[in-house]
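Student: I'll drop the sequence and a predicted model, then ask my questions.
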Amino acid sequence: MKKNRFTYIAALVAIVLLNACQQPQGPIPFDSQKASIHTIPIDEAANLTRDFRNTRDRLIKSVKLDSFLQIPTAETFNRDAFAVLLNQKDAQGIRIYYGRGKNGEVKLVMVPVNSKGEDIIVKLLDGKNSRDEKAVGFIPGISTAQAQDNGAQAMENGQRCDPPPCAASKLTR
């Protein structure tokens, strides 16, 4: 009898723990008024990205820029990267810095920003899945020594487009 009770309790605990691990995949709540200040028509966005690509290509040809900077069309980050940044205490937004990799590739480096407009420099992830390289040292105004003292991290390592090319969309035509 005691063995059956223990089995039922263990099964119940396992079910509760497994359900607690599931992440909801519904819409992320947002304030539409705050979001609207960043919204532009898709045609304007397409013109901006097309202008950038054309200017980048002319610059690469005329100055041989590609040997110094490899500028992608875009980078893709998964939703979890943004969630980690926005889940930091007092995070009100994300600041994106431009960085330069070892081989000249332009990279996007992201940190959360607080209600005062300041970078939030903290350890974002614990454990073996986080990349504890010196990415934080690329952030202007934050010394590498200061950043490493508290294990602070930033988000980077997006999937670059160009090459490989981005999936076809109105923004890449």
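Tutor: Now that the structure is in, tell me what you want to look at. Numbering: from 1, shown residues only.
Student: how far is whatever helix or strand residue 75 lives in from where the chain is centred?
Tutor: Secondary-structure assignment from DSSP states H and E places residue 75 in strand 74-76. In this view, strand 74-76 has its centroid 10 Å away from the chain centroid, taken as CA atoms, centre = their mean, to the nearest Å.
Student: report all helices and strands that it contacts.
Tutor: If contacts are counted by 3 or more CB pairs under 8 Å, 6 or more residues apart in numbering; DSSP states H and E, strand 74-76 sits against strand 159-161. To be clear about C-beta, it is placed using only N, CA and C from the backbone, and glycine gets the same treatment.
Student: so what secondary structure elements neighbour the strand it packs on?
Tutor: Against strand 159-161 (3+ CB pairs under 8 Å, 6+ apart) you get strand 74-76.
Student: neighbouring strands - and their directions - for the strand it packs on?
Tutor: strand 159-161 (antiparallel) (DSSP bridges).
Student: which residues sit against the lengthiest helix in the chain?
Tutor: Ranked by number of residues, the top helix in the chain under DSSP state H is helix 42-63. Residues outside helix 42-63 that contact it (CB atoms under 8 Å, 6 or more residues apart in numbering): 40, 65-66, 71, 73-74, 170-173.
Student: and the average pLDDT for it is what?
Tutor: The average pLDDT for helix 42-63 rounds to 87.
Student: same thing with stretch 94-103?
Tutor: Mean pLDDT, stretch 94-103: 91.
Student: just the CA atoms of that stretch, as PDB, please.
Tutor: Provided in PDB are the C-alpha atoms of stretch 94-103 (Å, rounded to 0.1, in the frame of the first residue of the first chain):
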ATOM      1  CA  ILE A  94      17.500  46.500 -26.500                       C
ATOM      2  CA  ARG A  95      20.500  48.500 -27.800                       C
ATOM      3  CA  ILE A  96      22.300  47.100 -30.800                       C
ATOM      4  CA  TYR A  97      26.000  47.900 -31.300                       C
ATOM      5  CA  TYR A  98      28.000  47.200 -34.400                       C
ATOM      6  CA  GLY A  99      31.100  45.000 -33.800                       C
ATOM      7  CA  ARG A 100      33.900  43.600 -35.900                       C
ATOM      8  CA  GLY A 101      34.900  40.000 -35.800                       C
ATOM      9  CA  LYS A 102      38.400  38.500 -36.200                       C
ATOM     10  CA  ASN A 103      38.000  38.200 -40.000                       C
END
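Student: any buried residues in it, and which?
Tutor: 94-95, 99 (16 or more other CB atoms under 10 Å).
Student: could you export the residues you listed as JSON lines, including distance to residue 31 and secondary structure?
Tutor: As requested, these are exported to JSON lines (distance: CB to CB, whole Å; DSSP: H, G, I helix; E, B strand; the rest coil):
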{"residue": "94", "distance to residue 31": "15", "secondary structure": "strand"}
{"residue": "95", "distance to residue 31": "19", "secondary structure": "strand"}
{"residue": "99", "distance to residue 31": "30", "secondary structure": "strand"}
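Student: right, I'll leave it there.
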